[in-house]
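# compute the structure for the input listed below.
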Amino acid sequence: MVEGLAESRNPYEGNRDDRRNDQRKRESVIIGIVAFQGACREHETLLLKRGWSVRRILKGEDLEGTKGLIFPGGESTVMKRFFEEEGFQKAFRRWRDKGHPFWGICAGAVLLSQKVDGRINPCGVIDVSLERNAYGRHRESDSRKIAFNDGTTVEGIFIRAPRITETGASVHIEARSEGDPVVLRDGKAWLTTWHPELRDGAGLYEKVFLQSHGDS
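Got it, this is the predicted structure:
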């Protein structure tokens, strides 16, 4: 486990009897991390420590054979430019249509939301509206309590985080912080406005990828 996560109590951790079977599932599923810009290394380290197979995604053809995908935090405008110019968007949509789970985190959530700062986002695939940098500048980043629907709470790190302002009918709010939605799900598509790779979020990877494949 990554330091700081070993003792965390997460809302989606499995019980001990299931761990061996879950580990076999992890090893059989390759998780891609979009790596052309953003916080790739932190996700990679956490996933590898927990026994997942991981691949860095730099172009559309790298998606072949992956069964899950993370769009990490970073700079959303840079990510969007690459997404459009390199033809990655078309490859991603074909991959998504196969029913694989994917997860946008902070800037990744901005990239995947259909409306950003009141404007239509041509890259958006999830029926969500949000505002960028709604919690302030980088120096104002902080940790906040996150409450999941089952009553579990964790501490989440918010870094220049977006704020969800509206969700479509198919979008489920999985967790809130100070009233704001901070974990959203639409089928096998997930968004978080905070950084689960930095603190208390290890169990959420299990929910997004392990349990999603169990439901398929």
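
# what are the buried residues along stretch 33-49?
33-40, 42-44, 46-47 (16 or more other Cβ atoms under 10 Å). Backbone N, C-alpha and C define where each C-beta goes, glycine included.

# with stretch 89-104 instead?
Residues of stretch 89-104 classed as buried: 89, 91-92, 95-96, 100-104 (neighbour count, 16+ other Cβ under 10 Å).

# before we move on, what about stretch 64-79?
66-74, 76, 79.

# what's the farthest-apart pair in those residues?
Lys67 and Ser76 (25.0 Å; Cβ to Cβ).

# now do the contacts for Val61.
Actually, residue 61 is Glu. It isn't Val. Glu61 makes contact with Ala91 under the criterion Cβ atoms under 8 Å, 6 or more residues apart in numbering.

# tell me the secondary structure for it?
Three-state assignment for Glu61 (DSSP: H, G, I helix; E, B strand; the rest coil): helix.

# how about the secondary structure of the residue nearest the centre of the chain?
With distances taken as Cα atoms, centre = their mean, the residue of the chain nearest its centroid is Trp103 (3.3 Å). Trp103 falls in the strand class when you classify it by three-state DSSP.

# can you list the low-confidence ranges for this protein?
Residue ranges of the chain with pLDDT under 70: 1-22, 86, 136-141, 212-216.

# in strands, which of the buried residues of stretch 64-79 fall?
68-71 (DSSP state E).

# burial of the nearest residue to Gly65 once chain neighbours are set aside, as a residue count?
With sequence-adjacent residues excluded and distances taken as Cβ to Cβ, 6 or more residues apart in numbering, Gly65 is closest to Ile30, at 5.9 Å. Ile30 has 16 neighbouring residues, counting by other Cβ atoms under 10 Å.

# I'd say Ile30 and Thr66 touch.
Yes: with contact defined as Cβ atoms under 8 Å, Ile30 reaches Thr66; the gap is 4.7 Å.

# and the buried residues of stretch 89-104, which two are the farthest apart?
Every pair of the buried residues of stretch 89-104 checked by Cβ to Cβ; the farthest is Gln89 and Pro101, at 18.2 Å.

# now the ones in strands among the buried residues of stretch 64-79 in CSV, with distance to Gln114?
Below are those laid out as CSV (distance: Cβ to Cβ, whole Å):
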residue, distance to Gln114
Gly68, 22
Leu69, 18
Ile70, 19
Phe71, 15
